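Q: Structure, please.
(chains A and B)
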Amino acid sequence: MPWDWDELKKKQKGAGGGAPPQMDEVFARFKGLRGKFPGLGIIVLIVVILIVASSSIYTVGVNEVGVVQRFGRHVRTTSPGLSFKLPRGIEKVTKVPVLLIKKEEFGLRTVRADVRTQYARDSTYLDEALMLTGDLNVAVVPWIVQYRIKDPYKYLFKVRDITGTLRDLAESSMRLVVGDRSINEVISKREEIADQAKVFLQKELDEAETGLNVVTIEMKRTNVPEPVQPSFNEVNQAGQEKERIIYQAREEYNKAIPAAKGNAEKTIKSAEGYALDRVNRAKGDAARFLALYAEYSKAKDVTRRRIYLETLKDLFPRLGDKFIIDADQKNLLPLLNLGKEKGAEK
Amino acid sequence: MRKGVIFGVVIIIIFFLLGAVYVVDETEQVVVTQFGKAIGKPKTDPGLYFKVPLIQQANYFPKNLLAWDGDPGQIPTLDKTFISVDTFARWKIVDPLEFFETVNNVYAGMGRLDDIIDPAVRNFITSFPLIETVRMTNRELDTFEEGIDKVKEISPLKEVKVGRAKITKGIMEQAQPKLAEFGIELVDVKIKRLNYVEEVQRSVYGRMIAERKQIAEKFRSEGQGEARKIEGDKEREMKRITSEAYRTAQEIKGKADAEATKIYAQAYGADPDFYSFVNTLDIYKETLDKESTLVLSTDSEFFKYMKGYMGER
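A: Now for the predicted structure:
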């Protein structure tokens, strides 16, 4: 939020404070005196100039505003640059760095700010970070509040110990938010917590009239207390392990099922092959038989004889032992010694 | 005119020296006293004021918001959990005259706050279960890891009926009237830190560890369970695929057999006797070889001519 100079000027008018003293008027007055006492006039002039110069001229830095009080009462707020005020004892100026972003750390302290900032994590700071979660567990929540002075008047005059108040309010706001979150949420949803804590803290700061504006709340690494950490890691590991086991099982599944599908496909295809084979053979056999039958039916007897004899002609030479026995022979056994021959073969 | 200016300056310097003039800052308010007794109205507006030098005295009091930090005491909650509570409050001196007469200074004021707020905090914390002080609303907590429901049932979470905001409000309402008589306005009381005392903390850590281990175990067994399920799915799927394939194959084969049978029947039906004659002879050709021993009688059709050219029988 940039500093609003227009608003500041409006406030100045509203405050009813006097304008800075006009140097011309002062000089004119002393010129009039010089006619009567030339020597004294110069001395008085020099002394007055010295006093005025030493405590009437002040510079306000570019990121500051000057808050001027006359006899304790706030009269005006001046913008950056060279300004004049009434001498010491009458007007007092306090410079407030309104554009400067300040930082408060909780649960950690920056040891050395660098590219890799180092933080001290002392047990003393641990107390700031240790808090109860909504599920009655304990979490370690370190965070940083960055803030700016929004209203220099309130900042200077409304609260006595402004940094202490900010710290107290920041701690109570953060604990309020964390107290309504589970340990898991505290660890995993830091953004959400920071956002809500910022809203709470800003509300509190406004109610307390601190004149501060929270720029950002940044959560550092939230965790569980050290003694509990191993068991949390174990849960993570177990989660990983679970995933791994499931993936392994899926892998097995994916390995087996497509193969089985392939096999099934093969079984079906081979059955189809069988079917084709069977039907074609049947058709072939049938065709052959019918063709043969067509000719056979023309000359049944002779064909029948021919087929019979052709078969025997083909078959007979291929056969092993052949015995021809007279139909009148009554007893076969003395002639044949079938068992002996078989035994010899063995 | 010159004399007038010098006179004025000298008078002011003398007044300052004598303490006749005093400045009230934006952050201050003043009660003027004469011989220890308050005179006139308190000066709450900032600016330059006059008083009778030497006799009258200006007593400064802060006008801005003051902080008070409670003593972190150990307090048992209603559910007998010992916790250490660190409170802070913000307060203002709204009636400096009364404050001056009853308390006198800020440090004594802090003492009064100690006396009044600390017991109020104790009263409230002890009359509620711990959860009421910790939580603010009844919002649903994302308590446990996905898929873990069992732990939720046994966890000690109960419904929040009051909440921290109401408890601190109660503390304030109890303390505020007692402080009003000192000219103090209590702006608010808040709980800064709330922690288990050391022994309780240890057992809480133990509980947290046990809880996590349980979750870890649950994860592991869930993994195993899921894996077994997938394995089962695999087995079932395998059987299904194989058996379905078998069934389809058998159906196809059956149809083919049926068709073949039909074709054969149609063809061979023309002359079953001829069919068996031809086929039997074919089978002879296929099945008989040199291993076969043939014993034939001259009675047979083939050798009937061995007995005579007429094929005597």
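Q: Show me what the helix or strand where B:Glu132 lies is packed up against.
A: According to DSSP states H and E, B:Glu132 maps onto helix B:130-134. Judged by 3 or more Cβ pairs under 8 Å, 6 or more residues apart in numbering or on different chains; DSSP states H and E, helix B:130-134 is in contact with strand B:82-93, helix B:164-180, strand B:184-196. For every residue, glycine as well, the C-beta is placed using N, CA and C.
Q: Restricting to C-alpha, output it in PDB.
A: What follows is helix B:130-134, C-alpha atoms only, in PDB (Å, rounded to 0.1, in the frame of the first residue of the first chain):
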ATOM      1  CA  LEU B 130      -9.500 -28.200  27.600                       C
ATOM      2  CA  ILE B 131     -11.000 -28.300  24.200                       C
ATOM      3  CA  GLU B 132     -13.200 -25.300  24.900                       C
ATOM      4  CA  THR B 133     -10.200 -23.200  25.600                       C
ATOM      5  CA  VAL B 134      -8.200 -24.400  22.600                       C
END
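Q: Give me the residues contacting that helix.
A: Residues from elsewhere that reach helix B:130-134, judged by Cβ atoms under 8 Å, 6 or more residues apart in numbering or on different chains: A:132-134, A:136, A:179, B:77-79, B:81, B:83, B:85, B:125, B:157-158, B:160-164, B:167, B:191, B:194.
Q: same deal with stretch B:97-109?
A: Contacts to stretch B:97-109, defined as Cβ under 8 Å, 6+ apart, come from residues B:31, B:33, B:38, B:41-42, B:59, B:61-62, B:66, B:91, B:93, B:112, B:181-184.
Q: rerun at 6 Å
A: B:31, B:38, B:42, B:59, B:93, B:182-183 (Cβ atoms under 6 Å, 6 or more residues apart in numbering or on different chains).
Q: Run a quick neighbour tally on the nearest residue to A:Ile193 once chain neighbours are set aside.
A: Distance criterion Cβ to Cβ, 6 or more residues apart in numbering or on different chains; nearest residue to A:Ile193, sequence neighbours excluded, is A:Val177 at 5.3 Å. Per other Cβ atoms under 10 Å in any protein chain shown, the neighbour tally for A:Val177 reads 25.
Q: Could you report the pLDDT at A:Val177?
A: In this prediction, A:Val177 carries a pLDDT score of 91.
Q: hang on, the earlier thing: could I get the helices and strands packed on helix B:130-134 as CSV with mean pLDDT and mean neighbour count?
A: Formatted as CSV, these follow (pLDDT from 0 to 100; neighbours: other Cβ atoms under 10 Å in any protein chain shown):
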stretch, mean pLDDT, mean neighbour count
strand B:82-93, 90, 21
helix B:164-180, 88, 18
strand B:184-196, 88, 21
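Q: re earlier: can you tell me which of the contacts of stretch B:97-109 are buried?
A: Among those, those scoring as buried are B:31, B:38, B:42, B:59, B:93, B:182-183 (criterion: 16 or more other Cβ atoms under 10 Å in any protein chain shown).
Q: Below-threshold pLDDT in chain B: ranges please.
A: Applying pLDDT under 70 to chain B flags residues B:1-2, B:12, B:15-18, B:72, B:142-158, B:311-313.
Q: Outline the domain layout of it.
A: Structural domains assigned to chain B are B:2-62, B:66-196, B:272-307, following automatic domain parsing.
Q: Could you pull up the contacting residues of B:Ile125?
A: By Cβ under 6 Å, 6+ apart, the contact set of B:Ile125 is B:75, B:85, B:133.
Q: Summarise which helices and strands the helix or strand containing A:Lys266 is packed against.
A: Using DSSP H and E, A:Lys266 maps to helix A:229-296. When contacts are defined as 3 or more Cβ pairs under 6 Å, 6 or more residues apart in numbering or on different chains; DSSP states H and E, helix A:229-296 sits against helix B:198-268.
Q: Pick out the residue of the stretch 101-250 of chain A closest to chain B.
A: Per Cβ to the nearest Cβ, A:Lys242 is where the stretch 101-250 of chain A lies closest to chain B, at 3.2 Å.
Q: end to end, how far does stretch B:288-295 reach?
A: One end of stretch B:288-295 sits 13 Å from the other (Cα to Cα, to the nearest Å).
Q: And it, how far out from the chain middle?
A: Relative to its chain's centre, stretch B:288-295 lies at 92 Å (Cα atoms, centre = their mean, to the nearest Å).
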